[in-house]
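> here is a sequence with its predicted model. Questions after.
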Amino acid sequence: MGGRGAGRPAKDPAGARSAHAHGSAVRRGTKGYVHNHVHEQTSYCVAGRFEYFLDGQTHVLAKGESIYVPSNARHRATTLEAGTLIDVFTPVREDLLGRRVDDAG
């Protein structure tokens, strides 16, 4: 899902990184591609509205709502109204740490 954001790893008391939060401000009409990953993911809608395709079903996410994406579940998000999402991944998605993403990607 394209957007502007930067990843931040969370640390457990022992100092190991166990989760990763990634914020994205996303323009209306932005559409991610159907994909899956080994990470569990929870997406929280801070503002706007998003349509999630998750394992063959469609869900609409509005401000204050969240959705859980299990490990290896096929999913995609489409922005219905410009907004902001916070995605939390566990284990940490090393490929997204510190990465800034624009709406084209």
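Received the coordinates, thanks.
> beta-bridge partners for the most centrally placed residue in the chain, please?
Central residue of the chain (Cα atoms, centre = their mean): Asp87, 3.5 Å from the mean position. Taking DSSP bridges as the rule, Asp87 bridges to His22, Ser43.
> who's in contact with it?
Remark: with contacts taken as Cβ atoms under 8 Å, 6 or more residues apart in numbering, Asp87 is in contact with Met1, Ala21, His22, Gly23, Ser24, Gln41, Thr42, Ser43, Tyr44. Yep, even glycine has a C-beta here, placed from its N, CA and C like the rest.
> I'd like those residues laid out as JSON lines, including neighbour count and distance to Lys31.
Output for the contacts of Asp87, formatted as JSON lines (neighbours: other Cβ atoms under 10 Å; distance: Cβ to Cβ, whole Å):
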{"residue": "Met1", "neighbour count": "24", "distance to Lys31": "8"}
{"residue": "Ala21", "neighbour count": "17", "distance to Lys31": "23"}
{"residue": "His22", "neighbour count": "22", "distance to Lys31": "18"}
{"residue": "Gly23", "neighbour count": "16", "distance to Lys31": "19"}
{"residue": "Ser24", "neighbour count": "23", "distance to Lys31": "13"}
{"residue": "Gln41", "neighbour count": "20", "distance to Lys31": "17"}
{"residue": "Thr42", "neighbour count": "15", "distance to Lys31": "20"}
{"residue": "Ser43", "neighbour count": "23", "distance to Lys31": "15"}
{"residue": "Tyr44", "neighbour count": "17", "distance to Lys31": "20"}
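> am I right that Gly48 is in contact with Thr84?
Yes - with the criterion set as Cβ atoms under 8 Å, Gly48 and Thr84 qualify as a contacting pair; they are 6.6 Å apart.
> what sits in contact with each of these two?
Common contact partners of Gly48 and Thr84 (Cβ under 8 Å, 6+ apart): Val26.
> circling back to that earlier point, Thr58 versus the residue nearest to the centre of the chain, what's the distance?
According to Cβ to Cβ, to the nearest Å, Asp87 stands 18 Å off from Thr58.
> perfect, I'm done here.
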